[in-house]
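Q: what follows is a predicted protein model with its sequence.
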Amino acid sequence: MTAILLALLAAGPCVYWTQGVDSKPALDAAGVAQICVAAEQVAAWTASGIKATPVEPADLAAREALPVPGVAPRAGVASPTRAPWIVSNGWRMLRRPGGKYLYAVPAGRGGLAAAEAMAYGLDALLQIDPADLPVVAPILAFGAGLPQDDLPPVADLAVVDDGTEATGEVMNLLARRNLLFAPVPAGSSTYPLTIAVGSAAYPLSDAADPSAFAQKVRSQLTDARRSLRIFGSEVVIGRLVGNGTRVRLHLVNYGGRDIEGLRVRVRGTFRTIEASMPGAAKVPVTDVVVADGGTEFSLPRLAVYAVVEMR
């Protein structure tokens, strides 16, 4: 198999490999040519032909350990009509964009962890099960091959970040509903809607009901002012970056199975839409409609991760 180079960017995800050099056949089979390892293992891995980047104990200890991404069961909640509870970490990156992170995920979750880290540009170590290498390798190679454009995040509202857990949970629930926000210090927002948890307009008690709180924010913002809307799935989270004339949309599917027929609306008028996924050629974009200040399109299929370029 042709080797897939996992390019290690200055701030990007890297497979953190804890097994010995005798596990090299598994890396070779997946096409992995570069890993991150404990500093004392670098020489042995380099001699084996695998490029190894050292991770010092202090760096590993300083990284924030992230929850395993996916859809989590909710004790006592069995109704099929309730929205799934998504565990995602993108909001943490928005809150602490310069942070360093660590995923330690079980078999079957490595691909999702890689997709999430790549979509949000996380400086993350991915400690994965060897069985996930064939899924993780193409995702990281795909992300590393994207044009390295410094496009700013798109946000429709602001959240005053007081550093509290309650405000963090608000950011979490907004991200899960694809309500794009930017964390701001008090009094510095220029967005049309600013949320300050604990204020008279957004009392702490409101945040106790995530669904009602998100609906309140959505109603105040209005769908007409939302830069991103996703139809046909409650388990896809989008990260939108752009500069007005060009945007890039990262789509991460947390549901654990492919989605057929995803509909997306991005605010703005775009004439060129190109979608792609790891390990695949260009993904067809269908049913494009440009109207009422927005551009809508469909993706026939979404696996764990896709990127849409719009101009």
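A: Done, it's in. Numbering: from 1, shown residues only.

Q: for Val21, see how far away the residue of the chain positioned farthest from its centre is.
A: Computed with Cα atoms, centre = their mean, the maximum C-alpha offset from the centroid of the chain is found at Ala47, amounting to 34.4 Å. Distance of Ala47 to Val21, computed by Cβ to Cβ, to the nearest Å: 8 Å. To be clear about C-beta, it is placed using only N, CA and C from the backbone, and glycine gets the same treatment.

Q: show me what contacts the most centrally placed residue in the chain?
A: To find the centre residue of the chain, average its C-alpha atoms and take the closest one (Cα atoms, centre = their mean): that gives Glu116, at 3.2 Å. Under the criterion of Cβ atoms under 8 Å, 6 or more residues apart in numbering, the contact list for Glu116 reads 69, 88-90, 122, 252.

Q: which one of those is nearest Val159?
A: Gly90 (13.7 Å; Cβ to Cβ).

Q: neighbours of the closest residue in space to the closest one that isn't next to it in sequence, how many?
A: Nearest-residue entry for Gly90: Tyr120, 4.8 Å, with adjacent residues in sequence omitted and distances by Cβ to Cβ, 6 or more residues apart in numbering. The number of residues packed near Tyr120 is 24, by other Cβ atoms under 10 Å.

Q: do Val247 as well
A: Counted with other Cβ under 10 Å, residues neighbouring Val247 total 22.

Q: wait, doesn't it sit right on Met310?
A: Yes - Val247 is within contact range of Met310, at 4.9 Å (criterion: Cβ atoms under 8 Å).

Q: okay, and the common contacts of the two?
A: Applying Cβ under 8 Å, 6+ apart, one finds that Val247 and Met310 are jointly contacted by 266, 268, 270.

Q: so which of those sit within strands?
A: Within the shared contacts of Val247 and Met310, residues falling in strands by DSSP state E are Val266.

Q: the residue farthest from the centre of the chain: which element?
A: Here Ala47 is covered by helix 42-48, with elements defined by DSSP states H and E.

Q: for that helix, what is the average pLDDT?
A: Averaging pLDDT along helix 42-48 gives 97.

Q: can you report how many residues lie near the nearest residue to Gly111 once chain neighbours are set aside?
A: Setting aside the residues directly before and after it, Gly111 is nearest to Val135 in space (Cβ to Cβ, 6+ apart), at 3.8 Å. Here the neighbour count serves as a burial measure; for Val135 (other Cβ under 10 Å) it reads 21.
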